[in-house]
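J.: Structure, please.
(one chain, ligands or ions: 1)
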Amino acid sequence: MTRIVVLTGAGISAESGVPTFRDADGLWEGHDVEDVATPEAFERDPDTVLAFYDERRRALASVVPHAAHRALARLEKAIGADLLVVTQNVDDLHERAGSRRLVHMHGELRRALCVACGARPAWKGDLIDRPACPACGERMLRPDVVWFGEMPYELDRIEQSVVACDVFVSIGTSGAVYPAAGYAALASAFGARTVELNLEPSDALIPFDDARTGLASELVPQWVEEIIGAGLSAGR
Ligand code: BJW
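T.: Residues are numbered from 1 along each chain as shown. Sure, this is the predicted structure:
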C-alpha cells in the first residue's frame, strides 16, 4: 500500500474564514507574535494572551470545514491507516470534516493545558476568568497550544511516519516554522515523492516533485480524486 503523510497549515483553513499567520491580512497583522505566541509573553501579560486565544476559540463557532478538509477525510476513508494528517493548525476543522488519523502538532484551541498538573482537558469556554482545572482544581489553565521554544506534540510518531511514507503532501503552509518546515526534505531524503498544494510557492528547503498553486478548496479535492482514481497509487 502507498503510505501518505499530509502536512497542513493555516492556508487550508483560510477559506473557512480562519486567518493565516503571515499573509497580508493574517492573524498577526494586528498582534505582534512576540506578544502572544511565546511562554515569556504569557508570563509577562497573561490577560492579553488569554483574551487573544479566547477570542479565537469563540470564533471557531462560526466557521465550518470546506471542500479541502472534506477531501482529506474522504481519502482517510479510502486508505485508512496508510494516511496520517499532521496539522499545525489549532482549529478543529479536520476532525469536524471527519478526519480521525490526525495529529495536532501545535496543539488545539479547544483544549486547555493545566500548568499545575499537566492535564489537557477539552475546553470550549473562556480561560481569562481563571477557571479551575477539572483534574486538580488549581486555577492555572492556559491554552493547549505550542508556542515558540516549546516542544510540538507527538514528534516521534510524526517523524516515524514521515521517514516511512511514499508520498508527502504539504498543504497551505509557508514553511517558516520548524520542525514542520523540515518534514518535506526529510521525507524526500527517505525516498518519498513530495507534493505542495499552496496559494503560492512556499519557502521550502527543497523543491517539491510536484508543486501546484491555487486555492486549497480546489487543489486538494482534485489531488485526492487523482489518488483515489489511480487506485491509490498516489501519483507514482
Ligand atoms: C493558502 C490559502 C489558500 C493562504 N489555499 N493555500 C532557526 C532555525 C530552525 C528552527 C528555529 C530557529 N530559531 C528558532 C527555531 C525554532 C522555532 C522556529 O521555527 N522559529 C522560526 C521563526 C524560525 N520553532 C519552535 O520553537 C517550535 N519548537 C521547537 O522547535 O522545539 C524544539 C525542537 C527541537 C528539536 C526538534 C524538534 C523541536 C515550536 C513552534 C511553535 C509554532 N507555534 C505557532 C503558534 C501556535 C498557536 C497559535 O495558533 O497561536 O504555530 S506559530 C504559527 O506558525 C502557528 C502555525 O502552526 C505555524 C506555521 O504557520 P503556517 O501554518 O505555515 O501559516 P502561515 O500563515 O505562515 O502560512 C500560510 C500559507 O498558506 C501561506 O504559504 C499561504 O500562501 C497559504 N495560503 N491561503 C492554499 N486559500
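
J.: Flag the shaky bits of this structure, pLDDT-wise.
T.: Within the chain, the stretches with pLDDT under 70 are 24-35, 232-236.

J.: The ligand contacts on that one?
T.: Within the chain, the positions near the ligand by C-beta under 6 Å from any ligand atom are 9-11, 14-15, 20-23, 26, 37, 88, 90, 106, 145-152, 155, 172-174, 176-179, 198-200, 202, 215-216. C-beta coordinates here come from the backbone N, C-alpha and C atoms, glycine included.

J.: can you list the domain ranges for this protein.
T.: 4-17+65-106+152-229, 33-61+112-145 (automatic domain parsing).

J.: so which of those is the most packed in?
T.: Ranked by mean neighbour count, those are led by domain 4-17+65-106+152-229 with a mean of 20 (mean count of other C-beta atoms under 10 Å).

J.: got the end-to-end distance for that domain?
T.: Across domain 4-17+65-106+152-229, the terminal residues are separated by 15 Å (C-alpha to C-alpha, to the nearest Å).

J.: returning to that earlier point: among the residues of the chain next to the ligand, name the ones in helices.
T.: If you go by DSSP state H, those have A10, G11, A14, L155, A216 in helices.

J.: Just the residues of the chain next to the ligand: which are in strands?
T.: When DSSP state E is applied, the residues of the chain next to the ligand are split such that V145, N198 fall in strands.

J.: What residues does the nearest residue to V224 once chain neighbours are set aside make contact with?
T.: The shortest distance from V224 to any non-neighbouring residue, by C-beta to C-beta, 6 or more residues apart in numbering, is to A71 (4.1 Å). Applying C-beta atoms under 8 Å, 6 or more residues apart in numbering, we find A71 in contact with V220, P221, W223, V224, E225.
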